[in-house]
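Novice: Quick one: sequence and predicted model below, then my questions.
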Amino acid sequence: MGEQAATQARKHLAAENEMHVPEGTTEDWSHLEAVRKDHDYSCHPFPGEMDRAARNIQQLEVQVSTHEHEIQQLTLKNQEPLIYKICVTDEDYRYYTRFSSKKVFTLFWESVYPSASRLIYWSEAQRAAEVTASPQRKLELIDELFMFLCHVAAGLQEMTLSSLFEVSVSTVSRILLTWTSYLYQVLGSLPSWMTREQVQATMPDNFRLYCPQLRVIIDCTEIRCKTATSETFSSHKNPTTFKGLIGVAPCGVITFVSTLYTGSISDIEITKKSQLLQLLQPGDEVMADKGFLSEKILSEVGVKLIPPLKKSTQLSEPDTQKTQAIARMRVLVERAIRRVKEYHIWDGIVPLSMVGSVNQLWVICCLMSNFQGPLDIKGDKPV
């Protein structure tokens, strides 16, 4: 009886554990059955057990990932957005976002939220590739906009934003790139160019008295950027300058923003390339600095140039008043440009990492400055 039990145990263990049990031995192997049950880690699994275990692990990983996402979304839902912790007063909103007040920021946010909630996130590697599925959102959507504004308006760098919002630098980069592209599309699609009727309806009295047909006041400004050589991709010692043209309506609103061009371009050439002339109508008047435009170019499209009047000690009282009024009008575009430059992203030389987005950021800053309110002809304050 003992020999029969030993033989059965030997065969059973050999089959299940792939152990080599010598044939013909009379040694009692029945005690190994107990070992197998008590110490199953020392035995090989049954056929198919590894596959089933792998499938179970995969299912558990999916469940864990799903629960983590649900927890993250619930946490975001119950957590107060960072913007409301940092921006308490209207002054806070002006500093961090360049919006004139919390009310104006809220109106802007409510306008962009419906489409922003469907954003697909981009990275540098995805620019030349097809769009991939959006990753899980790390921040509330309103805080993503706040992060972008802190970067552009307050000039906070990516490392600082990473610490402030408690996300990785790569997440910061992805959010900034996504919102740059998004706001460029949204703001660029808005009808910023005012019709002749709109300009007339909002024209201050001084303009109506001295320049009744004035459509736009124009000027150029420059932005410095680092560039890379095509041969070595190393930074030039001297930055490259980009030039952009801005047009301001008599009411003080920026109505025209050109693409950025290399700094060597002339004012006349940038006016031609910017397509501004195509927007003007016969009978319109354009105000520009001396030497900015030639009357010949404007006369070809039936538009009159209003240059600064020549200084003279023999001007009559009416001419003196007109000269002073036109000078104040001319300052409007300078104040508008100053507003754009007050976005602290332009404080220094634009780094090489931002060169690919510099034109988008330029347009965004120009158009978003309108949310600070139109400029007063008598000073830099909303009318």
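Specialist: On my side now, so go ahead.
Novice: For the stretch 51-200 of the chain, which segments count as helices?
Specialist: Using DSSP state H, counting those that start in this stretch, the helices of the stretch 51-200 of the chain run over 82-86, 90-97, 102-116, 141-152, 158-165, 169-188, 196-201.
Novice: Quick check: buried residues in the first one?
Specialist: Of all the residues in helix 82-86, those buried under the rule 16 or more other Cβ atoms under 10 Å are Leu82, Ile83. C-beta here means a position set from N, CA and C on the backbone, and glycine is covered the same way.
Novice: Equivalent analysis for the fourth one, please.
Specialist: Of the residues in helix 141-152, those buried by neighbour count under the rule 16+ other Cβ under 10 Å are Leu141, Ile142, Asp143, Glu144, Leu145, Phe146, Met147, Phe148, Leu149, Cys150, His151, Val152.
Novice: same thing with the third one?
Specialist: Along helix 102-116, these residues count as buried under the neighbour rule (16+ other Cβ under 10 Å): Lys102, Val104, Phe105, Phe108, Trp109, Val112, Ala116.
Novice: Can you give me the separation between the third one and Trp193?
Specialist: Here the criterion is Cβ to Cβ, to the nearest Å. By it, Phe105 lies 25 Å from Trp193.
Novice: Please apply the same query to the fifth one.
Specialist: From Trp109 over to Trp193 the distance is 25 Å, taken as Cβ to Cβ.
Novice: The second one too?
Specialist: For Val104, the distance to Trp193 (Cβ to Cβ) stands at 22 Å.
Novice: my read: Gly252 touches Gln372, true?
Specialist: No. If you go by Cβ atoms under 8 Å, Gly252 and Gln372 don't touch, sitting 10.1 Å apart.
Novice: Who has more neighbours out of those two?
Specialist: Using other Cβ atoms under 10 Å, the more surrounded residue of Gly252 and Gln372 is Gly252, with 24 against 18.
Novice: In terms of pLDDT, where does that one sit?
Specialist: As predicted, Gly252 sits at a pLDDT of 92.
Novice: so how far is Ala336 from it?
Specialist: Distance, Gly252 to Ala336, by Cβ to Cβ: 7 Å.
Novice: Which pair of the buried residues of helix 141-152 spans the longest distance?
Specialist: Within the buried residues of helix 141-152, Leu141 and Val152 form the most distant pair, 17.1 Å apart (Cβ to Cβ).
Novice: In the stretch 151-300 of the chain, where is pLDDT below threshold?
Specialist: Within the stretch 151-300 of the chain, the segments meeting pLDDT under 70 span 228-238.
Novice: which stretches of it form strands?
Specialist: Using DSSP state E, counting those that start in this stretch, the strands of the stretch 151-300 of the chain run over 214-225, 240-248, 254-257, 261-262, 285-287.
Novice: what does the fourth one rub up against?
Specialist: This points to strand 261-262. Outside strand 261-262, the residues that touch it by Cβ atoms under 8 Å, 6 or more residues apart in numbering are Thr240, Thr241, Phe242, Lys243, Gly244, Ile270, Lys273.
Novice: Mind picking the one among those residues that's closest to Asp92?
Specialist: Gly244 (29.4 Å).
Novice: what's that closest one in contact with, if anything?
Specialist: Cys220, Thr221, Glu222, Ile223, Val257, Ser258, Thr259, Leu260, Tyr261, Ile270, Trp362, Cys366.
Novice: What about the third one, how many residues nearby?
Specialist: What that stands for is Glu222. Glu222 has 10 nearby residues by other Cβ under 10 Å.
Novice: And it, how far from Tyr261?
Specialist: From Glu222 to Tyr261 the distance is 10 Å (Cβ to Cβ).
Novice: swap in the second one?
Specialist: Taking Cβ to Cβ as the criterion, Thr221 is separated from Tyr261 by 12 Å.
Novice: list the residues that contact both of those two?
Specialist: In contact with both Thr221 and Tyr261: Lys243, Gly244, using Cβ under 8 Å, 6+ apart.
Novice: how about stretch 368-376: buried residues?
Specialist: In terms of neighbour count (16+ other Cβ under 10 Å), stretch 368-376 has its buried residues at Met368, Ser369, Asn370, Gln372, Pro374, Leu375.
Novice: now the nearest residue to Pro351 once chain neighbours are set aside: how far from Asp92?
Specialist: Nearest non-adjacent residue to Pro351, counting by Cβ to Cβ, 6 or more residues apart in numbering: Lys226, 5.9 Å away. Distance from Lys226 to Asp92, counting by Cβ to Cβ: 32 Å.
Novice: For those two, indicate the residue with more neighbours.
Specialist: Per other Cβ under 10 Å, whichever of Lys226 and Asp92 has more neighbours is Lys226, with 18 against 13.
Novice: The more buried one touches Ile349, doesn't it?
Specialist: Yes. Counting by Cβ under 8 Å, Lys226 does reach Ile349; the two are 5.8 Å apart.
Novice: overlap in contacts of the two?
Specialist: Pro239.
Novice: what residues are shared contacts of Gly252 and Ala336?
Specialist: In contact with both Gly252 and Ala336: Leu375, using Cβ under 8 Å, 6+ apart.
Novice: show me what contacts Lys138?
Specialist: Val167, Thr171.
Novice: cool, and Gln79?
Specialist: Here Gln79 is in contact with Glu140 (Cβ under 8 Å, 6+ apart).
Novice: if we can go back for a sec, what is the nearest of the contacts of Gly244 to Lys341?
Specialist: Using Cβ to Cβ, the contacts of Gly244 come closest to Lys341 at Thr221, 7.2 Å.
Novice: Give the burial count for the residue lying closest to the closest one once chain neighbours are set aside, as a bare number.
Specialist: Leaving aside its sequence neighbours, Thr221 sits nearest to Ile337 (Cβ to Cβ, 6+ apart; 4.8 Å). The burial count assigned to Ile337 is 19, neighbours taken as other Cβ under 10 Å.
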